[in-house]
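Chemist: Okay, here's the prediction I keep looking at, along with the sequence it came from:
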Amino acid sequence: MPAIELTSPAALPADWRDILALTKPRVMSLVVFSGLCGLLAAPQMPPFVLGLTAILCIALGAGACGAINQWYEADLDAKMRRTAKRPLPAGRMDRQSALHFGVGLGSFSVLLMGLATNWLAAVLLAASILFYVLIYTVWLKPRTAQNIVIGGAAGAFPPLIGWVAATGHMSALPLLLFAIIFLWTPPHFWALSLFVRSDYAAAGIPMLPVVAGLSSTRRQIFLYSLPMAAAAVAPWPLGLSGRVYGISAAILSFVFIVLAARVLGNRATEPADMAAEKKLFAYSVFYLFALFAVLVADRWLAA
Amino acid sequence: MKPEDELVRRQRERARIMALLLGAFVVLLFFITMAKTGMNW
């Protein structure tokens, strides 16, 4: 029997922690939360186990996106400090395993969603995975500074999928939830890209601060926060949510706009001086969690 | 640790996790079937 060549870590079977890291668990948590809120805000609840399965499928679909994304961008990740320690650029795993894992996980999540809930939810899940991988990762991200704007749609799918998994059909509120995440994504990502822009520049990714400059990015962050706030408050005047949500959304969005205005007024060029940008990025994550949590609470109070 | 030992350790660890996941999947399928057929107990 020939001796096994084990000089490279990638020659070993991947450690389970590295396989888990491929799924980007931190990103997955926000996806799962927004999907869960879409499901819980729906007017009818599926049996517990089917709701749980729907959320599991959304999580697995998000994990598949993360794995395929890391497979495709392994070379780029190696050039960025923030991502150089991921399993593929660090050489702890071979690329083909990551691709097989991602495609397998994605296919499994779509099939399970279709069998457990309904096929409209499965089609939406498949569309979100394909949109993220093909439209965002492969097509837009390396080509245009608007990558985040259009690609943001991929991250906006989960509440829609959660709702459809529960009800079997679409309506105005889940489409508004889609719009909120779609409009929230650019200011969220651009705030991050302002203080890690040297990483993006080194990797040749045309993020807005790299292509259009800092002041233009800051202006775009502020401008996008306005329609985002309008979409966030919209369910209240449209009669799709109650006062609790409406007032909370207005307050949360007002704070977002104030922080975005501080970013607009900041002239710093060094990441160390970008406290306003870091604050907006951290708040944007809290904002989405709080907004969706209040929406669910409001719907349950009304019921 | 020798590379051969590390290989065996990782294989064992992955086999255990795979067994757990497969077991959980079987249990999940069972409960999904119960829910889809409308059985309550």
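Modeler: Structure received. Residues are numbered from 1 along each chain as shown, chains lettered A, B, ... in the order given.
Chemist: Could you measure from residue A:38 over to residue A:228?
Modeler: Going from residue A:38 to residue A:228 by CB to CB, to the nearest Å gives 18 Å. Bear in mind the C-beta positions are built from the backbone N, C-alpha and C, glycine included.
Chemist: what does residue A:147 give?
Modeler: 18 Å.
Chemist: just residue A:210 next, same as before
Modeler: 23 Å.
Chemist: List the buried residues for the helix or strand harbouring residue A:174?
Modeler: Using DSSP states H and E, residue A:174 maps to helix A:172-195. Neighbour counts using 16 or more other CB atoms under 10 Å in any protein chain shown place A:173-174, A:176-195 of helix A:172-195 among the buried residues.
Chemist: Tally up the residues packed near whichever residue of chain B sits closest to chain A, please.
Modeler: Closest approach between chain B and chain A, counting by CB to the nearest CB: residue B:3, at 3.5 Å. Neighbour count for residue B:3, taken as other CB atoms under 10 Å in any protein chain shown: 15.
Chemist: Report the mean per-residue pLDDT for the helix holding residue A:174.
Modeler: The pLDDT scores in helix A:172-195 average 95.
Chemist: Pull that helix out as CSV, backbone CA atoms only.
Modeler: Coordinates of the C-alpha atoms in helix A:172-195 are reproduced here as CSV (Å, rounded to 0.1, in the frame of the first residue of the first chain):
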residue,chain,number,x,y,z
ALA,A,172,-47.4,43.2,0.9
LEU,A,173,-45.7,43.0,4.3
PRO,A,174,-43.0,40.4,3.4
LEU,A,175,-42.3,42.4,0.2
LEU,A,176,-41.8,45.4,2.5
LEU,A,177,-39.5,43.4,4.7
PHE,A,178,-37.5,42.5,1.5
ALA,A,179,-37.3,46.2,0.6
ILE,A,180,-36.1,47.1,4.1
ILE,A,181,-33.1,44.7,4.0
PHE,A,182,-32.5,45.6,0.4
LEU,A,183,-32.2,49.3,1.2
TRP,A,184,-30.4,48.6,4.5
THR,A,185,-27.6,46.6,2.9
PRO,A,186,-25.7,49.5,1.1
PRO,A,187,-25.3,51.7,4.1
HIS,A,188,-24.4,48.7,6.3
PHE,A,189,-21.7,47.4,3.9
TRP,A,190,-20.4,50.8,2.8
ALA,A,191,-19.8,51.8,6.5
LEU,A,192,-17.7,48.6,6.8
SER,A,193,-15.9,49.1,3.5
LEU,A,194,-14.9,52.6,4.5
PHE,A,195,-12.7,51.4,7.3
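Chemist: of residue A:38 and residue A:228, who's got more company?
Modeler: When residue A:38 and residue A:228 are compared for neighbours, residue A:38 comes out ahead with 30 against 26, by other CB under 10 Å.
Chemist: ok, the more buried one - contacts?
Modeler: A:158, A:159, A:160, A:161, A:162, A:163, A:166, A:174, A:177 (CB atoms under 8 Å, 6 or more residues apart in numbering or on different chains).
Chemist: angle of the helix or strand harbouring residue A:161 against helix A:172-195?
Modeler: In the assignment (DSSP H and E), residue A:161 maps to helix A:147-167. Here helix A:147-167 runs at 150 degrees with respect to helix A:172-195, directions being taken by axes from the mean of the first three to the mean of the last three CA atoms, to 10 degrees.
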